[in-house]
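Engineer: let me see the structure of the following:
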Amino acid sequence: ALTVRFLTRRFIGEYGDMEFIYSHNLTVDGREILFHIWDVPNSQEGSSEEKRIQWADSFVLVYSICDRASFNILPLKIQFIKAAKEGQSQEKVPIVIVGNKRDLHHQRVVSSEEGRLLALSLDCGFYEVS
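Structural biologist: Residues are numbered from 1 along each chain as shown. From the prediction side, this is the model:
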């Protein structure tokens, strides 16, 4: 849903458990940037995960602030990404952790502080969004 919101500026309430690759042009600081976004639901793991990691230049990992399990899997995923990407080069792989559903604060089970501390401990960026 966040990817569709970024690309179209529209919110969709229902989002399937499907994998998509999107392309999008965006002007940043006067330069035209072409994004290729491989949007993968967490439920779609497996042998192609290594392929996705090799394909990508950066990563945005999204969890729900209302779902502890979606937060708890992040350290393992980030370690896997770093091992696969940084093992090949000396460059740091850009990773951002995003806590989603900030508007549902009454259902929150993962605090903002936990998200910030995780990102800090794993050397990642951090945001919370709705």
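Engineer: element containing the nearest residue to Trp55 once chain neighbours are set aside?
Structural biologist: Spatial nearest neighbour of Trp55, chain neighbours left out: Trp38 (6.5 Å); criterion: CB to CB, 6 or more residues apart in numbering. Heads up, the C-betas are built off the backbone N, CA and C, glycines and all. Assignment of secondary structure by DSSP states H and E places Trp38 within strand 31-39.
Engineer: same check on Val60?
Structural biologist: Using DSSP H and E, Val60 sits within strand 59-64.
Engineer: and Leu117, by the same measure?
Structural biologist: Going by DSSP H and E, Leu117 is part of helix 112-121.
Engineer: of all the residues in that helix, which ones are buried?
Structural biologist: Residues of helix 112-121 classed as buried by neighbour count (16 or more other CB atoms under 10 Å): 115, 118-119.
Engineer: export that helix to PDB, keeping only CA atoms.
Structural biologist: Listed next in PDB are the C-alpha coordinates belonging to helix 112-121 (Å, rounded to 0.1, in the frame of the first residue of the first chain):
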ATOM      1  CA  SER A 112       8.500   4.500  18.200                       C
ATOM      2  CA  GLU A 113      11.400   4.200  20.600                       C
ATOM      3  CA  GLU A 114      11.800   0.500  19.800                       C
ATOM      4  CA  GLY A 115      11.800   1.300  16.100                       C
ATOM      5  CA  ARG A 116      14.400   4.000  16.500                       C
ATOM      6  CA  LEU A 117      16.600   1.900  18.700                       C
ATOM      7  CA  LEU A 118      16.500  -1.100  16.300                       C
ATOM      8  CA  ALA A 119      17.400   1.200  13.400                       C
ATOM      9  CA  LEU A 120      20.200   2.800  15.300                       C
ATOM     10  CA  SER A 121      21.600  -0.600  16.400                       C
END
